[in-house]
Structures are given as structure tokens and as C-alpha cells.
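>>> Sequence and predicted structure are below.
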Amino acid sequence: MDNIKKYEVAIIIPCKNEGIYIKQTLEFLFKTEAKNISHIFIIDDDSNDNCCEFLKNPFNRYRANVKLVETRGIGASAARNLGASFAPLTKILVFCDAHITMQPNWLNTLLKAFNNKDVSVVCPGIGHFSPDSPVGYGQTWNEKFETYWLKKPMNIKEVPLAPGGCMAIRKEVFDAVGGFDHGFHSWGFEDVELSVKLWLFGYKIFVHPAVKIGHKFRKIQPYNIDLTEFHYNKLRMAFSHFNENRIRKLMKPLHDYSNFETILNKITASDTYDQRIDYFKRRLHDDDWFFNKFNIPF
């Protein structure tokens, strides 16, 4: 692949009640990598804290490169997909959270990884804003299906899950797998589902040990989290990609959840089963292959 040129890269940032952090994130983007970015699409998904009002000023310093799109609570997956739709000719999409910090040359270093044709997705190490905080380099699951961060590798390395806080993906690959799951209605599992889908469809995810992103890890989100929708996303992902034994194992802890039947009814009423049939026909690998490849004991 030819070297990535600046007009081929678009940044997509979903945003909801980010306070000062969205402006801070933009400041870091322009300070560290303005030359490599053609456009930044901010999808303000029904914020009520006026965090993006500064972008409505026609004289704001970002007006030439930043497009603000306002939506009415469409959720993280749909917001990211909408942002990608505004960049049809872009070769690389970079999905970022609205509360991150970057170091000089971070994006250029990530982009060079795409000169290897095997790289479909590359993500940086992610730690807290504090420079002394631990850094995770991609994620995986334990035997309880809980995600945890991986240690820093010596070189660019394959990882099972690319964190949604920051990931770069070839646009043609993003389009080939259909982007983030269109059936997710709220926050949760959008990056996990995309990662699984990419691997099963024959694409590869890497982490770059030379790049670190600072991230605001919150104990409480600045918006309401609907746990029913959160668990719905988890089960929709499982029904879309996993075999029956793995689905039953994932559902077992949810049997006592008060809205468990509601979630199953929502799954039945959705296109989840049609999606499962389509994905099983299209994928190159099954979920056993994926879990065995990364030694995931689930």
C-alpha cells in the first residue's frame, strides 16, 4: 500500500456530555497531528451540557477541518457509522473518544503500520491521562468473559480486541464488514463486536507499542446507561457470532436479571437471527478458531 497521505485520513469522534474534554481533545489533535488529518467529524449525540457549542461559532479556529453533526440519542455504534458515512473517499478512519490526549507524531506512527497489507486495524496503547499510569495494549477476555488489558509487546502484535477509545481502520475493511453493529441502540460492546467480526471475516487487528494515548477513565458516565440495552448488545453480539454452547454460557449469569425475558424478546423481534445467518455464511473462521487463536478460556 502507498504511504498514507493527509487527505486520506478522517477522525470520527462520538460525543455526549463531554464537558471541557471535547475541546481539549481537539486541541491535542491539532497540536500533534494536524498535517495528517483531512477532516474531523464530531457526532454530538444529544448532549445537554453545551459541550459542543463552541463549534457553532462561525469564527471558531476549527471551522475549516471540523464538521459538527448533531443527533438525537442514536447511540455509540450509529454515531460512529454516521461519522464514517461522511468520509466515503477516505482510506483510513480513526475512531477516537472525546476525552483523550495524544503525543506528537502518534497518528503518523500508527499510519505507517498500514504499509503492511496484513494490517486492517491498528490501535495504540491506552492509559489514563497521568503519564505514570499503567498502559494497556489491546484487550482480551478471561474465563468469565470479562475484558482485561494486555501487556506491552516488543513489536507490533496481533490482539483480539481493539479498544474503541482509539483505533485506526482501513475504510474498505470497515465497509466490507458493515461497520459497527447497526442494531446496537445504546452504549456498550460496539468495539468488541467489531473486533470479533473483523477476525472472523478474515481481517487482522494489531497494537502498536510505540504509541500511547491518554484516556479519561470515568467511574460514572456523564449520561444514563440503560443496563437492559447494555446486556442486549452483549447478547446480540453473541447470537450474531458465537456457537450455541458459548451463547448459553454467556446467558447463564443473566438468568436472574429482572429484564432478561425483555432482552430475549428484543433479540427475537430484531434482525439478530437474520444477521447470524448472513455472518455465518460470510465469515472465514468460526468462533472456536478465534478463541483458540488467542487462548481465551471461554
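Great, that's in hand.
>>> Residues contacting stretch 255-272, please?
183, 227-228, 231-232, 235-236, 239-240, 254, 273 (CB atoms under 8 Å, 6 or more residues apart in numbering). For glycine as for every other residue, the C-beta is placed from the backbone atoms N, C-alpha and C.
>>> which among these gets closest to Ala210?
Among the contacts of stretch 255-272, Ser240 lies closest to Ala210 (CB to CB), at 33.8 Å.
>>> The closest one: which element?
Element membership for Ser240 (DSSP states H and E) is helix 227-241.
>>> buried ones in that helix?
228-229, 231-241 (16 or more other CB atoms under 10 Å).
>>> Export those to a markdown table and append columns for distance to Ser85 and pLDDT.
Output for the buried residues of helix 227-241, formatted as a markdown table (distance: CB to CB, whole Å; pLDDT from 0 to 100):
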| residue | distance to Ser85 | pLDDT |
| --- | --- | --- |
| Thr228 | 28 | 91 |
| Glu229 | 23 | 91 |
| His231 | 28 | 93 |
| Tyr232 | 24 | 95 |
| Asn233 | 21 | 95 |
| Lys234 | 26 | 95 |
| Leu235 | 27 | 96 |
| Arg236 | 22 | 97 |
| Met237 | 22 | 97 |
| Ala238 | 27 | 97 |
| Phe239 | 26 | 97 |
| Ser240 | 22 | 98 |
| His241 | 24 | 98 |
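>>> Not counting its neighbours along the chain, what's nearest His128?
Phe217 (5.7 Å; CB to CB, 6 or more residues apart in numbering).
>>> in the stretch 1-150 of the chain, what spans have low per-residue confidence?
Within the stretch 1-150 of the chain, the stretches with pLDDT under 70 are 1-7.
>>> Strands of the stretch 1-150 of the chain, residue ranges please.
9-15, 39-45, 66-71, 92-96, 100-101, 121-128, 135-136, 139-141, 147-149 (DSSP state E, counting those that start in this stretch).
>>> Could you check how far the longest one is from the centre of its chain?
It stands for strand 121-128. 11 Å (CA atoms, centre = their mean, to the nearest Å).
>>> one step back: may I ask which two of the contacts of stretch 255-272 are separated the most?
Leu227 and Tyr273 (23.2 Å).
>>> Good, wrapping up.
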